[in-house]
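[1] everything below, folded, please.
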Amino acid sequence: MRIDFYLLNEAAPEALWLTACRLLEKAYLKKHQVFVYCAHQQDAEHLDELLWTFKPDSFIPHHIQGEGPEPPPPIQIGYSQEPRGFNDILFNLSPTIPTFMTRFKRIIEIVSADEAAKTISRDHFREYRKKGFEPQTHNITQKA
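    Have a look, this model is predicted:
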């Protein structure tokens, strides 16, 4: 399993969400299936809305888990249930590591420059290593 931490140089909450949108667009264009695990319904709804508006010329088929068509589009956003039928990429936007993480081939975590977010991510990094994985880190500079 591949685990990637994307480290932002910015603490503003919108930086995390816009980076998530860009990475989700990239994954979609590469024909991946992605389950985005959010902390709660508000975050899931915020990302759902942002994916429609973050870029005027972008179309990323997605929906919140339990809503929309069957079979689901390649991007599914959830916050309290395990994904159904998804095992390619897990975007973990939650402060906890989901128990179903081992179902996926790849895990992506985005780390804000906010100190609380960095602390949570350091804990996740250690936990992944304890489980025998070697997470990779990538520095991301926000575009103005």
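[2] does the residue nearest the centre of the chain belong to a helix, a strand or coil?
    The centroid of the chain falls nearest to Phe91 when counting by CA atoms, centre = their mean (2.6 Å). Taken by DSSP: H, G, I helix; E, B strand; the rest coil, the conformation at Phe91 corresponds to strand.
[3] can you check the pLDDT for it?
    At Phe91, the pLDDT value in this model is 97.
[4] grab the nearest non-local neighbour of it.
    Using CB to CB, 6 or more residues apart in numbering and skipping the chain neighbours, the partner closest in space to Phe91 is Val36 (4.2 Å). Every residue, glycine included, has its C-beta placed from N, CA and C.
[5] give the contact list for the one you found.
    Contact partners of Val36, counting by CB atoms under 8 Å, 6 or more residues apart in numbering, are Ala20, Leu24, Ala44, Leu47, Ile75, Gln76, Ile77, Gly78, Phe91, Leu93.
[6] got a markdown table for those, with distance to Phe100 and secondary structure too?
    Shown next, in a markdown table, are the contacts of Val36 (distance: CB to CB, whole Å; DSSP: H, G, I helix; E, B strand; the rest coil):
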| residue | distance to Phe100 | secondary structure |
| --- | --- | --- |
| Ala20 | 19 | helix |
| Leu24 | 19 | helix |
| Ala44 | 16 | helix |
| Leu47 | 19 | helix |
| Ile75 | 17 | strand |
| Gln76 | 13 | strand |
| Ile77 | 15 | strand |
| Gly78 | 10 | strand |
| Phe91 | 13 | strand |
| Leu93 | 15 | strand |
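[7] many thanks, we can stop here.
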